[in-house]
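1. Fold the following.
(2 chains)
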Amino acid sequence: MGDHHHGPATGITRWLFTTNHKDIGTMYLWFSFAMFLLGGFFAMVIRAELFQPGMQLVEPAFFNQMTTLHGLVMVFGAIMPSFVGLANWLIPMMIGAPDMALPRMNNWSFWILPPAFLMLASTLFMEGGAPAFGWTFYAPLSTTYAAPSVTFFIFAIHILGVSSIMGSINIIATVMNMRAPGMTYMKMPLFVWTWLITAFLLVAVMPVLAGAVTMMLMDIHFGTSFFSAAGGGDPVLFQHIFWFFGHPEVYIIILPAFGVVSQIIPAFSRKPLFGYASMVYATASIAFLSFIVWAHHMYTVGMPVAGELFFMYATMLIAVPTGVKVFNWITTMWRGALSFETPMLFCIGFLILFTLGGFTGLMLSIAPADFQYHDTYFVVAHFHYVMVAGAVFSMTAAVYYWLPKWCGRMYNEAMGKTHFWISFIGFNITFFPQHFVGLAGMPRRIPDYALQFADFNMMSSIGAFIYGASQLLFLYNVIATIVAGKPVSDEKVWDGAEGLEWTLPTPAPYHTFEEPPQVPKPVGTI
Amino acid sequence: MRRVFSGAALTLLAPLAAAQNQVNMSPGVTEIGADIFELHMLIMWICVVIGVAVFAVMFYSMYAHRKSKGHQASQFHESTKVEVAWTVVPFLILIAMAVPATSTLLEVYDNDEAELDVLITGYQWKWKYEYLEASGEPVAFFSNLATPQEEIYNTEQKGENYLLEVDEPLVIPTNTKVRFLITANDVIHSWWVPEIAVKRDAIPGFINEAWTRVPQEGIYRGQCTELCGAYHGFMPVVVHAVSRDEFDAWMAAKRGAAITQAALATQTLPVDELMDQGKAIYDSACLACHGAQGEGGIGNAIAGSALVLGDLSDHMAVVAKGVSGTAMQAFGGQLNDVEMAAVLTYQRNAFGNNTGDVVQPGDVTGMKNG
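-> Numbers count the residues shown, from 1 in each chain, chains lettered A, B, ... in the order given. Take a look at the predicted model:
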């Protein structure tokens, strides 16, 4: 039993065979950042084409491939894996566990991701081009009328689903079985809570997505007619199945972001999170509601009026628990001792912009008004406010907040703040005008547009280039920190930080909590 | 080189000249459009008020409770009263929003007692309009994008209604309840005209209903709003609302034209006429996939194609029945015998395919009947 407390293996095998939650978390984070840059590159192509009216750079068919891959890569490649990476790093450290419950499966759930995305990206070079039917891949555009590469797309989606399900099972098993003595459910940090609920959502809906793509596969290759009216099927059935997955999916993306913000705002307010219990209940309510609102994405498909009313009322209800969360965060800040380091700036950016996205979400929930909003740039603006300013801003905040703990070095604060301001301004220049063009009547997913939309589109493109460029600054800052940042040895790094992960040495050693820690007092609540 | 520069100058200046920069939804011209607009404004102002209040508190806190000012953090972390209040109050606000939303929605769904029915069918990438009337010669036509490729590819100045103009608009009478029956032939499309506040998905195999009553004459423009393939951005909707008298006259003229066209089907037409009509059909129906010079693109090349240069009946079979599993549609149901003859003649003689074949409407009728 000699060398029990060994460090990592050396060379490539460390990464290939590792079962260490920190290594796997690191790989998830770097992978998701690579995908973020790839998806961002696709977005730059889109914005460059939309810079002016007329077709300049790409053909309409290729433009559709770009919008499709941008959505798929950002949702499945960048945002979801980034939060899984964060969960891997933090959940064991937050609940006082030595590692994830199922470390070998952890390795596997990461390593099937890169081949899946390689396959998805390779469709760009196939005959007929990459998938060009939007990330929502509505049948029959994605079945009868799709390029042959759709089969590779289906296979990729299956692998991503398997990866997500394995990752979620792992998180559920870890949280349920490996909490340190004294770490009761209602003492868990909110990040752990939001991830636990997210993991249940994932396990519930990823199989539904797998079902949808399997039905597509059958329709394409085996002569079935699930989604073809000519054979007795129903194209609208596809949308019901897709959104039964798709709506919980958007909460899968945003709930861990809520968790992150609920960790960081108290730290820089030097004050405990307000309404811990109501935060947990609000998260659970949002998760429950997410299963009964899916058809608000389909107000124009011709549902019976009773269906429209049900989905409208249910959707409006989501505003209540979401409002509770926003009020709780602001009240956490109230009468605290606030300081505005980069992670806090990104959280405040999140708070403002996510709330704006929430307001437009409430507007979109109103079915009759949605007849005018549906499938316009107003929707594009809405979901970028919640996805980018919601999920991506909070993820960025998380990296700045925990990076010093992970690598024992401090990032450059001035550069971090610069990154925040460029991102914040660039983001708003990009997406705020999209509300205007959407309301004025510009449909989404079009490669060219009428002249009255020209000015705002040009503004939007300029903003997108600014926002895109600011991410390179982020990348530089992170690498510079890891390579040559100023060493930090303080365990807490941030004076207001609370939780078990801050009781560990800095940088966090390769193996932590081999002996379960004493949980001193309510962690989430103090 | 000069052409490139002037082209670039045109693309740079055109948007500035045409800019209107509308920032809000249009109330449109219909009663429902106005109701939706009011609802939209109501919800937006409620959100603005809540937003201003919430952010005012946050910004005050960020100013007054700064650590750099030496503010000491208090440690309170719950208050049942406050938490119940901010759960119940938003709920009540939502109920206040739901009431007008419900009544407007019920109005939108009131499809009864239409005075005129129009069947709208979405095709990749055009709309077909059929007037469903009990008597008289049926009137049906396709409505294609009228913006020339030269404007789209920036070699010509873009017109005022760039991408929002069609060769033949839908014509409807004013002050008449018009019911739209909306479906599609291939993939899902969505028929939208913002000014009359009608948006409905066009779904193959299903028929959706929507209606409007336009009080004032005018030209209303919209677009397809459901991704339907490569040229989704290039299938506008244009509606002309005209007075009842003007509508009746237009309808009579359309009927007359339909009778003339039917008569042509039995005649032998001159080559020039077939070529002219064929080019017009090619440009609206074939060009998007097969290229302006028949060079191909999404579809195969027409120029030098073995199919086009080969047996006429094989050629017609592909045009009429389409190619399953590809974007090549079945045009048999879209083109009448005269149009089919014209486009076949054009394809067999244009782009250097000089076969010299002249296809007459009678030949098409003959091949159809086996």
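
2. secondary structure class for B:Phe141?
-> strand (DSSP: H, G, I helix; E, B strand; the rest coil).

3. Distance check, the closest residue to it other than its chain neighbours against chain A.
-> Once flanking residues are discounted, B:Phe141 sits nearest to B:Glu168: 5.4 Å by CB to CB, 6 or more residues apart in numbering or on different chains. The way it works is simple: take the backbone N, C-alpha and C, and place the C-beta from them, glycine included. From B:Glu168 across to chain A, the span is 19 Å (CB to the nearest CB, to the nearest Å).

4. any weak-confidence spans in the stretch 201-350 of chain B?
-> In the predicted model, the stretch 201-350 of chain B carries pLDDT under 70 at residues B:325.

5. doesn't A:Met216 make contact with A:Ser142?
-> Yes. A:Ser142 lies in contact with A:Met216 (CB atoms under 8 Å); the separation is 6.2 Å.

6. and residue 272, how many neighbours?
-> No chain was given, so I picked chain A. Look at A:Pro272: counted by other CB atoms under 10 Å in any protein chain shown, it has 20 neighbours.

7. Correction: the question concerned chain B.
-> 8.

8. Quick check: it vs chain A, distance?
-> From B:Asp272 to chain A the distance is 33 Å (CB to the nearest CB).

9. Next, that residue: secondary structure please.
-> helix.

10. Could you pull out the buried residues of stretch A:37-55?
-> Buried residues in stretch A:37-55, counting neighbours by 16 or more other CB atoms under 10 Å in any protein chain shown, are found at A:38-40, A:42-55.

11. max-length helix in chain B?
-> Using DSSP state H to assign secondary structure, the helix with the most residues in chain B is helix B:31-64.

12. does that helix come close to chain A?
-> Yes. Residues of helix B:31-64 contacting chain A under CB under 8 Å from any CB of the partner chain: B:35-36, B:39-40, B:43-44, B:47, B:50-51, B:54-55, B:57-58, B:61-62.

13. Let me see the ranges of the strands in chain A.
-> Assigned by DSSP state E, the strands in chain A fall at A:409-410, A:486-487.

14. Can you tell me the strand partners of the last one and which way each runs?
-> Using DSSP bridges, the neighbouring strands of strand A:486-487 in the sheet come out as strand A:409-410 (antiparallel).

15. neighbouring contacts of the strand it pairs with?
-> For strand A:409-410, contacts defined as CB atoms under 8 Å, 6 or more residues apart in numbering or on different chains pick out A:403-404, A:481-482, A:484-488, A:493, A:507.

16. Which one's more surrounded, A:Ser142 and A:Met216?
-> Per other CB under 10 Å, whichever of A:Ser142 and A:Met216 has more neighbours is A:Ser142, with 28 against 25.

17. quick one, phi/psi of the more buried one?
-> The phi/psi pair for A:Ser142 (degrees, to the nearest 10) reads phi -90, psi 0.

18. so is B:Ser135 in a helix, a strand, or just coil?
-> coil.

19. Give me the neighbour count for it.
-> With other CB under 10 Å as criterion, B:Ser135 counts 4.

20. ok, of the residues of helix B:31-64 next to chain A, which come out buried?
-> Buried residues within the residues of helix B:31-64 next to chain A, counting neighbours by 16+ other CB under 10 Å: B:35-36, B:39-40, B:43-44, B:47, B:50, B:54-55, B:58, B:61-62.

21. can I get the residues you listed in a markdown table with pLDDT?
-> As requested, these are arranged in a markdown table below (pLDDT from 0 to 100):
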| residue | pLDDT |
| --- | --- |
| B:Asp35 | 95 |
| B:Ile36 | 95 |
| B:Leu39 | 95 |
| B:His40 | 96 |
| B:Ile43 | 95 |
| B:Met44 | 95 |
| B:Cys47 | 95 |
| B:Ile50 | 95 |
| B:Val54 | 95 |
| B:Phe55 | 96 |
| B:Met58 | 96 |
| B:Ser61 | 94 |
| B:Met62 | 94 |
